[in-house]
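[1] Below: sequence and its predicted model.
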Amino acid sequence: MRTTASEKAVILAAGLGSRLRPLTDLRPKPLVEVNGIPILHNALRKLEAVGVGEVTIVVGYRKDAIQYACGRRFGGLKINYVESSVFDRTGSAYSLWLARDTLLSGDCYLLEGDVFFEEDALCALSLGDADDVAAVAPFDSTMQGSAVLLSKSGFISGFRMKRTSADLSNSGPRLFKTMNLLRLSGATLRRIVVPALDEIIGSGATQAYTEELLAYLVDRRGLQLAAARCDHLKWYEIDSAEDLRIAEGIFAPSRQARLNRALRPTNRSA
């Protein structure tokens with residue numbers, strides 16, 4: 001088990017969040033709340049809890065709202081911002097490329113700004129000896145999006161894009177959902193990831209997504225990306241109103257927690 005955590009993280013939070021309208025008409029998707037907690041605040045708190053000290057947030061749509069909500073310090077975290085001025089016509093790989101200075105500085109967590117998760121999902125990325133790890137969970141009938149296949153040794157052997165429940169099969173290989181939570185080593189970021197981003201963006205493929213980048217790196221560049229199985233952990237990627245409803249059910253406070261809050265004494269002036 002690794003005993004040291006990555007000290008830095010990058011969160012991609014520039015997108016329009018159009019599938020969550022009207023909730024995102026006046027606020028960016030990372031500030032949409034799950035049971036009263038903004039998605040982005042949850043991520044920052046969990047990163048601080050596992051030892052991260054500095055976070056770079058790539059912002060675009062309603063960037064001022066994110067900068068106001070998070071500030072330059074959030075708890076014990078130092079917050080840096082990188083702005084995408086073309087967020088409405090570029091993909092997440094472009095946002096990641098904008099944060100390349102942080103990627104070149106050493107080991108780093110990479111997160112999408114629309115995932116609500118518990119702390120253990122990040123802890124799982126530091127279990128074992130692998131330098132480069134992605135969190136995954138079994139693909140079920142409520143999910144859609146990027147999926148991966150796993151080798152017998154626990155590494156990601158291939159990506160399958162735009163999967164839905166219709167792609168689940170008892171006879172085919174088992175699919176796992178990418179959770180968009182990763183930890184990559186400084187060596188991998190310098191030697192493989194950033195050079196590939198330079199090539200992709202330089203070629204004009206600015207609408208590529210991070211999952212497409214990872215698929216290319218695994219398939220063509222020899223990236224050995226271990227899978228951190230998070231089968232029994234709570235998490236959800238929030239793209240739509242239905243996703244938000246599911247996430248709020250997953251993270252609904254227990255009856256006892258609600259009772260404790262109701263019984264908590266309030267400060268009253270005399």
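    Cool, the structure landed.
[2] neighbours around the closest residue to L217 other than its chain neighbours, how many?
    Closest residue to L217 apart from its sequence neighbours, by Cβ to Cβ, 6 or more residues apart in numbering: L223 at 3.9 Å. (Glycine included, C-beta is placed from N, CA and C.) Residues lying near L223 (other Cβ atoms under 10 Å) number 21.
[3] how far away is L223 from L125?
    Distance of L223 to L125, given as Cβ to Cβ, to the nearest Å: 15 Å.
[4] And L96, by the same measure?
    Distance from L96 to L125, by Cβ to Cβ: 17 Å.
[5] Check W235 too.
    Taking Cβ to Cβ, one finds W235 at 13 Å from L125.
[6] who has more neighbours, those two?
    Shown here are W235 and L125; by other Cβ under 10 Å, L125 has more neighbours (25 against 20).
[7] Please name the nearest non-neighbouring residue to the more buried one.
    Excluding the flanking residues, the one nearest L125 by Cβ to Cβ, 6+ apart is R183, at 4.1 Å.
[8] what residues are up against S165?
    By Cβ atoms under 8 Å, 6 or more residues apart in numbering, the residues touching S165 are 140-144.
[9] C123 now?
    Neighbours of C123 in contact, by Cβ under 8 Å, 6+ apart: V50.
[10] so which helix or strand takes in it?
    Using DSSP states H and E, C123 sits in helix 119-123.
[11] returning to that earlier point: what do W235 and L125 both touch?
    In contact with both W235 and L125: 135, 181, using Cβ under 8 Å, 6+ apart.
[12] how deep is R89 tucked in, by neighbour count?
    Quick note: R89 (other Cβ under 10 Å) scores 9 neighbours.
[13] can I assume it is in contact with Q207?
    Yes - between R89 and Q207 there is a contact at 7.2 Å, judged by Cβ atoms under 8 Å.
[14] secondary structure class for the closest residue to V148 other than its chain neighbours?
    Distances taken as Cβ to Cβ, 6+ apart put I156 closest to V148, at 4.7 Å, once the chain neighbours are dropped. At I156 the chain is in strand, as set by DSSP: H, G, I helix; E, B strand; the rest coil.
[15] ditto for I79
    The three-state label for I79, taken from three-state DSSP, comes out as strand.
[16] OK, contacts around it?
    By Cβ under 8 Å, 6+ apart, the contact set of I79 is 44, 54-57, 70-73.
[17] how about these in JSON lines, adding pLDDT and neighbour count?
    Formatted as JSON lines, these follow (pLDDT from 0 to 100; neighbours: other Cβ atoms under 10 Å):
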{"residue": "L44", "pLDDT": "97", "neighbour count": "22"}
{"residue": "E54", "pLDDT": "96", "neighbour count": "15"}
{"residue": "V55", "pLDDT": "97", "neighbour count": "25"}
{"residue": "T56", "pLDDT": "97", "neighbour count": "21"}
{"residue": "I57", "pLDDT": "97", "neighbour count": "28"}
{"residue": "C70", "pLDDT": "95", "neighbour count": "23"}
{"residue": "G71", "pLDDT": "94", "neighbour count": "10"}
{"residue": "R72", "pLDDT": "95", "neighbour count": "10"}
{"residue": "R73", "pLDDT": "95", "neighbour count": "9"}
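[18] Out of those residues, which comes closest to A252?
    Nearest to A252 among the contacts of I79 is L44, at 21.6 Å by Cβ to Cβ.
[19] I201: how many residues sit nearby?
    Neighbour count of I201, defined by other Cβ under 10 Å: 18.
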